[in-house]
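# give the three-dimensional model of this entry:
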Amino acid sequence: MKKNKIKYITLAILILSVSCTGDFDKINTNPNTLTTDQLNATMAGPSFANALYKGISNASWAIPGDDYGTYGLITMLHSMLFSHYMSAGDPGYQTERNGINDGWRSRGWTRFYTLAVPSLRNAYTASEGNAEALAVLDIWKVYMFHRFTDSWGPVPYSKAGVGGASIAYDSQESMYADFFKLLDAANTTLDASSESTIAIFKSYDKVYDGNIEKWRRFGNSLRLRLALRLSDVDASTAKTQAEAAVTAGVIESNTGSAYFATSSNEYNDFVDVAKYWGFYMTADMESILKGYNDPRLAIWFEANSNGHFVGQPNGGPTVRDWSTDTLSMTNQTTTFADNVKKPIEIMMASETSFNLAEGALNGWSMGSGTAQSYYEKGISLSLQQWGVTNSSAINTYIAGTSTAADPTFASYYAAEGINTPPVDVPVLWAGTVAEQRKQIAVQKYLGLFPESWEAWSDLRRTDADILYPLLATENTAVGKGVMKRLTYLPNEYSTNTDAVNTAVGTIPGGLDVGNANVWWDVN
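The predicted structure is shown next:
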């Protein structure tokens with residue numbers, strides 16, 4: 001009986017969370033009478049819609065069981081700070097200084113496994129017999145879970161959502177092997193399809209409207225991203241998977257970029273959290289954008305009342321001798337003014353181009369382009385994505401020879417013995433491979449904004465020296481550098497003890513700490 005109640009609750013949440021109101025009456029039956037058998041094709045779209053929105057850790061006040069605080073707690077107060085995309089105005093946010101807050105990350109973990117994963121499993125059940133739909137679900141499964149395993153390391157995967165007294169954690173290595181298997185099979189299925197769209201998803205798919213070719217290229221671009229993750233830990237597999245992804249076909253233009261199309265029921269949480277929770281431009285973003293005379297500066301952020309763009313150093317102490325009144329917030333006049341109209345970035349074409357550039361530098365077969373041509377294309381794509389379409393302006397930016405500028409709060413870094421900005425390479429393609437790798441890292445960092453989950457992972461993988469250290473830390477093990485991973489939850493230790501302890505035993509050093517590397521982060 002207990003298992004049936006859990007099923008009923010899951011289905012009730014799913015039904016109440018459907019945003020396509022035109023079909024609401026058709027599926028709004030009594031959740032207490034629903035059984036698993038009723039998860040037929042009519043429920044595939046609503047299930048998928050919920051898995052998409054919850055799978056990117058967004059939540060809405062309009063959907064029962066969650067709210068935008070989930071995004072604020074798991075994304076804004078973790079990866080957004082770790083990647084130095086934004087800085088917290090409230091000095092009480094300890095994750096600003098690599099501190100640990102059990103409740104904040106617990107919210108993201110719990111919502112993922114109780115809302116996103118059940119919706120995905122329901123979509124699988126409802127899509128049974130539809131090969132193309134199942135292939136897309138496999139792609140989205142990889143996307144959802146790669147973010148989680150890259151943040152924690154081993155996590156529940158193969159047994160996630162099936163119930164039981166103890167849920168095993170899968171190793172990251174085994175998950176990645178399955179990721180590549182799923183993505184390869186999905187490409188084969190979608191490439192062989194005679195259909196152009198997936199009918200049962202079309203009205204509910206807020207990313208690609210059920211477009212098979214776009215989902216196929218998204219899957220291959222994700223495969224390329226994951227292949228690069230393995231560059232240091234398994235170079236041979238990395239090369240094989242990257243080349244297979246490129247041969248199959250990746251995202252090549254901004255028309256193929258993956259956004260979640262927001263609505264009044266499923267809105268952009270970044271817009272609201274950045275505004276209402278008091279987040280500001282960082283000293284790192286100020287330094288890079290000003291130094292490069294980057295047109296995205298005024299697109300992403302607003303000048304203060306004095307007309308200046310001012311970024312706050314990450315890791316500010318609990319007692320600060322500056323006022324947030326002088327700092328720049330996100331551009332709430334145009335770009336980030338409306339949480340309903342601003343779509344959510346999932347995977348951009350520019351990232352794929354930068355990944356191709358890095359692969360080319362590795363000596364991999366990345367198609368007809370060169371490392372330089374892919375790098376410059378990635379810059380163009382990102383600028384165009386944000387509305388910079390003048391070819392002369394784009395070419396001028398690509399030819400820029402300046403490096404990062406001293407931020408407004410440079411004296412605070414000077415007090416720590418840091419007298420020059422970390423980004424010491426220009427935009428103009430450099431002459432050495434080491435400089436070129438750093439250039440790709442910088443431009444991909446900019447191109448990913450504000451998708452901080454991937455930015456944080458890429459910073460750890462590349463070990464690119466492009467960020468200032470924190471001014472202060474609450475985590476002596478991690479120090480003032482980039483946090484390496486999230487630690488497991490107290491509730492897991494109390495309710496899933498054996499499984500989490502086994503997982504911790506596989507972490508380098510055998511300790512559940514923030515300075516332990518995840519599997520692919522071997523340097």
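# just the pLDDT for the most centrally placed residue in the chain.
Central residue of the chain (Cα atoms, centre = their mean): W453, 3.4 Å from the mean position. At W453, the model reports a pLDDT of 98.
# go on, D321?
For D321, the predicted pLDDT is 93.
# still on that earlier bit, check contacts around the residue nearest to the centre of the chain.
For W453, the contacting residues are S57, T75, S79, R147, D150, S151, by Cβ atoms under 8 Å, 6 or more residues apart in numbering. For glycine as for every other residue, the C-beta is placed from the backbone atoms N, C-alpha and C.
# hmm, 7 Å instead?
Residues counted as contacts of W453 (Cβ atoms under 7 Å, 6 or more residues apart in numbering) are T75, S79, R147.
# helices - which of these land there?
Taking DSSP state H, the ones among the contacts of W453 that sit in helices are R147.
# can you give me the strands for the stretch 51-200 of the chain?
86-88 (DSSP state E, counting those that start in this stretch).
# and the helices in it?
Taking DSSP state H, counting those that start in this stretch as the criterion, the stretch 51-200 of the chain carries its helices at 69-71, 80-82, 102-111, 117-126, 131-152, 172-192, 199-202.
# who wins for proximity to Y53 among those?
helix 117-126 (8.8 Å; Cβ to Cβ).
# give me the nearest residue to W152, chain neighbours excluded.
L486 (5.1 Å; Cβ to Cβ, 6 or more residues apart in numbering).
# what does E286 give?
G311 (3.2 Å).
# what's around that neighbour, how many residues?
The number of residues packed near G311 is 25, by other Cβ atoms under 10 Å.
# so what does it look like in phi/psi?
phi -100, psi 140 (degrees, to the nearest 10).
# just to revisit the earlier point, now do the helix or strand where the residue nearest to the centre of the chain lies and helix 131-152, the angle between them.
Using DSSP states H and E, W453 falls within helix 452-462. Relative orientation of helix 452-462 and helix 131-152, computed by axes from the mean of the first three to the mean of the last three Cα atoms, to 10 degrees: 60 degrees.
# who wins for most neighbours among the contacts of W453?
S79 (26 neighbours).
# any idea how far that one is from N496?
24 Å (Cβ to Cβ, to the nearest Å).
# what does V207 give?
Distance, V207 to N496, using Cβ to Cβ: 32 Å.
# can you pick out the residue with more neighbours from those two?
The neighbour count for V207 versus N496, taken as other Cβ under 10 Å, is higher for V207 (26 against 20).
# pretty sure L52 is one of the things that one touches, is it not?
Yes - applying Cβ atoms under 7 Å, one finds V207 in contact with L52, separated by 6.1 Å.
# anything in contact with each of the two?
Listed as contacting both V207 and L52 by Cβ under 7 Å, 6+ apart are F260.
# how many residues are close by the nearest residue to D424 once chain neighbours are set aside?
Residue nearest to D424 in three dimensions, not counting chain neighbours: T403, with 5.3 Å by Cβ to Cβ, 6+ apart. The burial count assigned to T403 is 18, neighbours taken as other Cβ under 10 Å.
# quick one, phi psi at T403?
Dihedral pair for T403: phi -110, psi -170, per degrees, to the nearest 10.
# which residues touch it?
Per Cβ under 7 Å, 6+ apart, neighbours of T403: G291, V423, D424, V425, P426.
# do that again at 10 Å, thanks
Each residue near T403 by Cβ atoms under 10 Å, 6 or more residues apart in numbering is listed here: 287-288, 291-292, 420-427, 442.
# now, which of those residues sits nearest T476?
Distance to T476 across these (Cβ to Cβ) is lowest for P422, with 22.4 Å.
# is it true that that closest one touches I288?
Yes - applying Cβ atoms under 10 Å, one finds P422 in contact with I288, separated by 9.0 Å.
# those two - which one has more neighbours?
The neighbour count for P422 versus I288, taken as other Cβ under 10 Å, is higher for I288 (28 against 19).
# who does the host helix or strand of the more buried one touch, helix- and strand-wise?
Here I288, judged by DSSP H and E, is contained in helix 283-291. Secondary-structure packing of helix 283-291 (3 or more Cβ pairs under 10 Å, 6 or more residues apart in numbering; DSSP states H and E): strand 86-88, helix 296-300, helix 410-414, helix 433-448.
# need the winner for burial among these.
Of these, the one with the most neighbours on average (mean count of other Cβ atoms under 10 Å) is strand 86-88, at a mean of 26.
# what is the mean pLDDT for that strand?
98.
# now for it, which elements pack on it?
Contacts defined by 3+ Cβ pairs under 10 Å, 6+ apart place strand 86-88 against helix 80-82, helix 269-276, strand 279-281, helix 283-291.
# deepest of those, which one?
helix 80-82 (a mean of 27).
# let me see the ranges of the helices in the stretch 351-500 of the chain.
According to DSSP H, counting those that start in this stretch, the helices that the stretch 351-500 of the chain contains are 371-385, 391-398, 410-414, 433-448, 452-462, 490-495, 497-506.
# in JSON lines, list those helices along with distance to D90.
Output for the helices of the stretch 351-500 of the chain, formatted as JSON lines (distance: least, Cβ to Cβ, whole Å):
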{"stretch": "helix 371-385", "distance to D90": "30"}
{"stretch": "helix 391-398", "distance to D90": "35"}
{"stretch": "helix 410-414", "distance to D90": "18"}
{"stretch": "helix 433-448", "distance to D90": "25"}
{"stretch": "helix 452-462", "distance to D90": "18"}
{"stretch": "helix 490-495", "distance to D90": "24"}
{"stretch": "helix 497-506", "distance to D90": "31"}
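# quick one: closest of the ones you listed to Y113.
Nearest of the helices of the stretch 351-500 of the chain (Cβ to Cβ): helix 490-495, 10.3 Å.
# pull the closest one out as PDB, backbone CA atoms only.
C-alpha atoms of helix 490-495 as PDB (Å, rounded to 0.1, in the frame of the first residue of the first chain):
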ATOM      1  CA  PRO A 490      23.100  14.400   6.500                       C
ATOM      2  CA  ASN A 491      19.800  12.700   5.600                       C
ATOM      3  CA  GLU A 492      21.700  10.300   3.300                       C
ATOM      4  CA  TYR A 493      24.000   9.400   6.200                       C
ATOM      5  CA  SER A 494      21.000   8.700   8.400                       C
ATOM      6  CA  THR A 495      18.600   6.900   6.000                       C
END
